[in-house]
Each structure stands twice: as structure tokens, then as C-alpha cells.
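K.L.:
fold the stuff below for me.
(chains A, B, C and D)
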2 protein chains.
Amino acid sequence: MVKQTVGLKTLAAHLNVTVGTVSRALNGYSDISEATRLRVLRAADELGYRPNHAARRLSTGVAEAVAYVMPQYSSSISQPFVGQLLKGLGEAVAKRGWDLLVAHADSAKDELNHLDRLVRSGRVGGLVISRPAKNDPRIRLMRSLKCPFVVHGRTADCRDYAWYDVDGADAFHTAVDHLVTLGHGRIAFVGAPLQYQFAQDRLNGYRAALEQNGLRAVPEFVQITEFSDDGGELATNVLLDLDQPPSAIVCISDMVALGALAAIRARGLTPGRDISVIGYDGLKVGQHANPPLTTMAQPQVHAGRRLGDILLAIIDGGDPRDYQDLQKAHLLRRKTDGAFEQTT
Amino acid sequence: MVKQTVGLKTLAAHLNVTVGTVSRALNGYSDISEATRLRVLRAADELGYRPNHAARRLSTGVAEAVAYVMPQYSSSISQPFVGQLLKGLGEAVAKRGWDLLVAHADSAKDELNHLDRLVRSGRVGGLVISRPAKNDPRIRLMRSLKCPFVVHGRTADCRDYAWYDVDGADAFHTAVDHLVTLGHGRIAFVGAPLQYQFAQDRLNGYRAALEQNGLRAVPEFVQITEFSDDGGELATNVLLDLDQPPSAIVCISDMVALGALAAIRARGLTPGRDISVIGYDGLKVGQHANPPLTTMAQPQVHAGRRLGDILLAIIDGGDPRDYQDLQKAHLLRRKTDGAFEQTT
DNA sequence: CTGAAAGCGCTTACAG
DNA sequence: CTGAAAGCGCTTACAG
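P.N.:
Just a heads-up that it's a prediction; the model follows:
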């Protein structure tokens, strides 16, 4: 509603030149006399000129904006990193004076519609998609629209697009190896529904490590549950009720692990002594758990910043396949991993 | 970069009418024959028409977008709620087909500049500003630009604009009252720098409750520290080192309270028995603390949704003073509040 | 080096 | 009820 008070026209009149000249001076064209350029720049600054964004976009056809697609799986756990990510992303696009939009939808279908509208109406010139499903329709959509995008995470086949991910398979392999070193042989996995690739990756890592360490894969030791502390608590209770319960549990996230700790404590057992637990994420709050949670910590690379830089590079014409960034998580030992003790 | 493939022109040609007619049909003008409207709507749907956003904005002058200004104080604690808030805000604006932008800046000066650009270039038609300082320059800016805005929180003088806030003074009054009921007389406050109004409000509530309960205000019992768990730990150590330490501590946030618990445990004391702690926020993770954290929980009203609705109402011409929403927090007892025991 | 003018894709009075 | 046309505020070949 704020009426555009000073536009190119005002500026031009003020300086006794045409709007074309003002525009070229402002946009750094080379065929403008230094004197004119300076006069224009000064006047623009003094009068507080702000180019009308819509007009420029209509004229140039470039959106000067990208969107972040909020993860659908919005349980408590997903929240902490959203703020961080947005901050980094914002920084990356701000360097160029571009805008950052956030897109969100309740149902998958709404989301596709929303994204289609966003890119086809010319609102955004690129997208970052987070937490993809195994065969994510959003990725197919962006492909068909030929819209630049980068994925935070990976799908089953991730050869042909840009992505940034942390190696979940490797992380769970490491976690299991660590527990084996501590003497554990009965190691369980508490995971989330496998439609999300990250859930599958982490399970794969667990299984591979079991096999490589010559451990038998006990079917009941794989519990798929809700991606939350409550889910973790439920699943852990099932594990503890087994005739032969595990002596260690790797959890798909710190939040799930927090639930596992609660279940263990509720039985009068001590996590880290009677049964080991390792989480994933490296959340700061894990440090305040009871006892402090051992976890596979994600590298503190600023994922948002990196995703933004990648997206801009692709928009500039870079080959998406040149931007595939796989980070490793590392073991952060706190107090919930301990040596196996042949008590019972 | 995706060329606008089907525009009004394509549609018009396809239907043998003019673009004006198509536009009017699409926008629900009343002076269009039902038959034409249907034909147009169908064709638009079939051809997958998406109006060019920039063109429409240039033509109508309305931005069809609002921005959320990320809080500057971006320590770990601020993150959890950002995701939630954005989701609610997104829902509110999506109902109208508007976009949600996020703005963020490192320095206060950058931020003002950024916001000025955002509104004066016509990118957004309204703003939600969170966590205001006592006399927030962003609010002054929006006023001078006559740009609609709603504040998440309040400043010292909040009579003339729209806001949504939780009553921090009341919450800390309640917390202190509760501790007094439990027999505590030496109650400390761990807070954050007072440039932020919420920090001042909560301190005010603490002080008012002290006075009303006839308790002496001990200057050393007010500790201003960094807004984080580390800050809470530091401040609590100072309190415990006092000749006459407090028997209870109210903390400005759950994250700060988590730090307080760590400091207490480190001395072999038991929170909730030897010394009581009450946090603020009602974060789920507090439940997994050692022991589970008693806290003043914020109401589960969807703040983002509410902020969005308020902003849109104001943009529609509503009087900002009609949209001032003060919610109350409530005491959520877990395990860190206990009766005072005259031991020492 | 600068001016004059067309064009980006919509919306919306104004005729008829 | 529909058409013809101006206009939103920029950018950018094209002349000169």
C-alpha cells in the first residue's frame, strides 16, 4: 500500500536526463559517462530511490528469489535446524540482493501445486528441497519444469542433481562399530518410517555394520517407529520386553534417543551402564539428558549457507552434478555408551 | 529462467476472446457471462495457466507477500520456535495465496536497510517483527513507511500497534508465588540482557512478586547473563558461591534453566530437593532433563497462525490497536520444584 | 555517450 | 457482456 514515491521518472526529471540513462547508470552499464553515473548515484542515494521490484522482474524475467521448502515431517525434532538453515540460506542469497521465500504445505498434493505455482508464476528462480522421500515427486516436478534446485538429503538415485547430505549409512556403521568395540553383540536399531531416504540410509548402515562385524541380524531388533521421543520410548519398551533384549540401541535421532533413555530409566536401569544408547544429530540439549547422550554429531558446516551457494551456482548455469556434497558425522561420546558387562 | 509458456495471450487466442475478458473471468468479475467464465476457467485449468506474478503486482500495486523478520538473538534457544512459527505464518498467508519471505541480517543497521528495501521496493505488504528491543528502530521504521506490521512481543510503549505476546511479568509472578507457597524465601532470578523487552518484563514480574510477598530484594540474586545454557550455568555458579545462596531460582528460559541444573548437579546437589529451579517456555526437551524441568509453559496457541491472521487483518485496513493479544503462561510442574527444607 | 521507444504480462476504467 | 487501449515502472536494443 505504500505508494512508490520516488521512481526512475522522478530521478530522471530531477537530473534532466531520461529514465533510460538513469537505469543504465544505476545498473553499471559501461557506456555512461563517469560524471553522469556519479550524479545519478548521488541523486538516487539522496532521494532514497528503491527500484520497483515487480517492474524489474517483469522486464528482466529473473525472479531474484529462491524458496526453501519446509520439511513435511514437522515433528519437534525438525524444528531446531530450520532456524539455523534459514539463517545460512538467507545470508547466501542476501549477498546477491535476492529474497528468500519459505514454502510449506499440509498435504503432498498441495505442496506440488504450491511449488508449481511458485516457479511457473515466476516468483522464484530456484528451490531447496529438504528431507526427500525415496522417489520424491517434488524432484520430478522441478526436473520437468527445468527449475534449478538443490536437495538437502538424497534420494535413492541422486546422480543427476545437486545435493548436500550427511552420510547416515556411514554414521550408523561407525556407531555400531563403536559398540562392538565396547563388547556389545546384541545391538538394536530404532528407526523411522522408511519412506524417507534418510531413514533407509541409516538402517542400511546399521545392517552393513552388523554383517561386517559378523553379528546376526535379529529381526525384532529393528524397530520402526514415530520420529519423536514418544516413538523412541515406545520402541525401546518393545525391545526391553524381548526375551533376549539388546544390550545396546542405536537411535535414528537424538530426540528418539531421549525417549529411549526415558524407557530405560523407567525400568530402573541405567543408560550407559546397563544398556548403551547412541543417538544421531549432536543436538546441544542431549548434553542435558539423563545421563548426557552419546550421539553421532553432524558436522557444523553451515548447511544453509552451503545449500544457498550451491543453488546460486546452479542458477548461474553450473552443472548440478558438480555440486554433490557428502559430509561425515562423528562420534560424540558423552555418557550413554559403555562397555558390555556380562551380568545376567 | 523457465520461460512463461502459457500466458493470458495464449489463453485469449485459444478461446477467441481478448486478454481483458480472460483476465476478468479469472478474477471473478461479475459482468462476465457464465458461459464465458466457465470456458475460460476450463481452458486455464487445461493449459495449466499460471498468472505472471510480477506483472500482476506491477499492475495492481499489491505485493501479495509478507515477511518474517528473524530474531537477531539467534542462540540455540531461539531456533526451536522459528520453525513452528513459520509454519503457522505460512498457513495463514497461504490461505490467501500470498507468499512468505524471511528477512535476516547480521547487524542492526543492515537489518534496517534490508527492511526498508523490502517494503519500499514493493516486495512485501507487511511485516512480522519478533523479539523487539525496548525502543525498537524497526518499529519506528515501519511506522514512518506506513507499512502494516505486527510485533511478536511488545516494547515499552505498545499502545499504538498490533502485537501478540505472552505475559512474561505474570508468568514470573506466578513462578515466584509458587515457590513462596512451597516455603521458599530466598529466590533468585537468572535473566538475559535487558535491552530486550521480554527480559525486562520477566524481571519486573519477579520483582513485583517479591515485593508483594514481602520478600527482600537481594541485589546479588539478580543475575543477568548470556541467553543460553552456558549462561545459566555460569550465573548459577555465582549464586551458589554466595555466602547465603538462594534456595530457589527462576530462569528466563528453559535453556538457561538446563544450565542451572547442570551447575547444581555438578556440586552434588539435587535440583528440586536441595534447590528448586523453574524455567520458562515449556519446551518438550525439558521433560528429558535431569531431573525433568518444572517450567512456565507458553500456551499452545499457534502464534504463527495468529500473527499471520493479525497482519492480514491490518493490511485489510483493520485498526492495529484492535489486535493486541496477551496470552498467559501456566505452571507446568515436573520435578525441579520442591518444598523448602530448613536443613543447613 | 544519451534519447526515444518498444516491451515485459498483467489489470481496469471506458466505450459500445 | 465484451473489446480496445492505457498504464504499472522498469530494461534494453536501436538510433544518432
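K.L.:
the residue of the stretch 151-300 of chain A found nearest chain B and DNA strand D, how far apart?
P.N.:
Closest approach between the stretch 151-300 of chain A and chain B, counting by C-beta to the nearest C-beta: residue A:290, at 3.3 Å. The way it works is simple: take the backbone N, C-alpha and C, and place the C-beta from them, glycine included. Residue A:290 is 58 Å from DNA strand D, where distance means C-beta to the nearest atom of the strand, to the nearest Å.
K.L.:
excluding sequence neighbours, find me the nearest residue to that residue.
P.N.:
In this structure, residue A:290 finds its nearest non-sequential neighbour in residue B:290, 3.3 Å apart by C-beta to C-beta, 6 or more residues apart in numbering or on different chains.
K.L.:
show me what contacts that neighbour?
P.N.:
Taking C-beta atoms under 8 Å, 6 or more residues apart in numbering or on different chains, we find residue B:290 in contact with A:288-291, B:261, B:265.
K.L.:
what are the contacting residues of the lowest-mean-pLDDT helix or strand in chain A?
P.N.:
Within chain A, confidence by mean pLDDT, DSSP states H and E is lowest for helix A:78-94 among all helices and strands, at a mean of 84. Residues outside helix A:78-94 that contact it (C-beta under 8 Å, 6+ apart): A:65-66, A:68, A:70-71, A:99-100, A:102, A:128, A:130-131, A:152, A:283, A:302-309, A:311-312, B:70, B:74, B:76, B:78-84, B:86, B:102-106, B:114.
K.L.:
what angle do helix B:78-94 and that helix make with each other?
P.N.:
Relative orientation of helix A:78-94 and helix B:78-94, computed by axes from the mean of the first three to the mean of the last three C-alpha atoms, to 10 degrees: 80 degrees.
K.L.:
how many other residues sit next to residue A:199?
P.N.:
22 (other C-beta atoms under 10 Å in any protein chain shown).
K.L.:
hmm, it is touching residue A:189, no?
P.N.:
No. Judged on C-beta atoms under 8 Å, residue A:199 makes no contact with residue A:189 at a distance of 10.4 Å.
K.L.:
joint contacts of these two?
P.N.:
Counting by C-beta under 8 Å, 6+ apart, the common neighbours of residue A:199 and residue A:189 are residue A:252.
K.L.:
which strand or helix spans the residue nearest to residue A:324 when sequence neighbours are not counted?
P.N.:
Distances taken as C-beta to C-beta, 6+ apart put residue A:163 closest to residue A:324, at 5.6 Å, once the chain neighbours are dropped. Assessed by DSSP states H and E, residue A:163 sits inside strand A:162-166.
K.L.:
go on, residue A:205?
P.N.:
helix A:197-212.
K.L.:
in the stretch 101-250 of chain A, which spans are strands?
P.N.:
Assigned by DSSP state E, counting those that start in this stretch, the strands in the stretch 101-250 of chain A fall at A:127-130, A:149-152, A:162-166, A:187-191, A:222-224, A:248-251.
K.L.:
show me how the record splits chain A into domains.
P.N.:
For chain A, the structural domains run A:8-51, A:65-166+A:300-327, A:168-299, going by automatic domain parsing.
K.L.:
report how many residues lie close to the nearest residue to residue A:31 once chain neighbours are set aside.
P.N.:
Among residues not flanking residue A:31 along the chain, residue A:24 sits closest, at 7.4 Å (C-beta to C-beta, 6+ apart). Applying other C-beta under 10 Å, we find 18 residues neighbouring residue A:24.
K.L.:
next one: residue A:24 from residue B:167, what distance?
P.N.:
Using C-beta to C-beta, to the nearest Å, residue A:24 is found at 55 Å from residue B:167.
K.L.:
can you check residue A:275 too?
P.N.:
From residue A:275 across to residue B:167, the span is 44 Å (C-beta to C-beta).
K.L.:
centre of the chain to stretch A:276-288, how far?
P.N.:
Distance of stretch A:276-288 from its chain centroid, counting by C-alpha atoms, centre = their mean, to the nearest Å, is 18 Å.
K.L.:
what does stretch A:242-259 give?
P.N.:
Worked out by C-alpha atoms, centre = their mean, stretch A:242-259 lies 24 Å from the chain centre.
K.L.:
one more: stretch A:205-217?
P.N.:
The mean C-alpha position of stretch A:205-217 is separated from the chain mean by 28 Å, C-alpha atoms, centre = their mean.
K.L.:
what comes up buried for that stretch?
P.N.:
A:205-207, A:209-210, A:213, A:215 (16 or more other C-beta atoms under 10 Å in any protein chain shown).
K.L.:
so which of the contacts of residue B:290 wins on neighbours?
P.N.:
In the contacts of residue B:290, the most neighbours by other C-beta under 10 Å go to residue B:261, 31 neighbours.
K.L.:
would you mind measuring the gap between the ends of stretch A:317-325?
P.N.:
From its first residue to its last, stretch A:317-325 covers 18 Å (C-alpha to C-alpha, to the nearest Å).
K.L.:
kindly report the same for stretch A:261-274.
P.N.:
11 Å.
K.L.:
give the buried residues for it.
P.N.:
With the criterion 16+ other C-beta under 10 Å, stretch A:261-274 contains buried residues A:261-264, A:270-272.
K.L.:
cool, and stretch A:229-246?
P.N.:
A:229-237, A:239-240, A:245-246.
K.L.:
repeat for stretch A:184-196
P.N.:
For stretch A:184-196, a neighbour-count test (16+ other C-beta under 10 Å) marks A:184, A:186-192, A:196 as buried.
K.L.:
got it, and stretch A:33-49?
P.N.:
A:37, A:39-40, A:43-44, A:49.
K.L.:
what's the answer for stretch A:9-28, then?
P.N.:
A:10-12, A:14-15, A:17, A:21-26.
K.L.:
from those, which land in helices?
P.N.:
Judged by DSSP state H, the subset of the buried residues of stretch A:9-28 located in helices is A:10-12, A:14-15, A:21-26.
K.L.:
what's the closest of those to residue A:222?
P.N.:
residue A:26 (61.4 Å; C-beta to C-beta).
K.L.:
surely the closest one and residue A:41 touch.
P.N.:
Yes. If you go by C-beta under 8 Å, residue A:26 and residue A:41 touch, sitting 7.4 Å apart.
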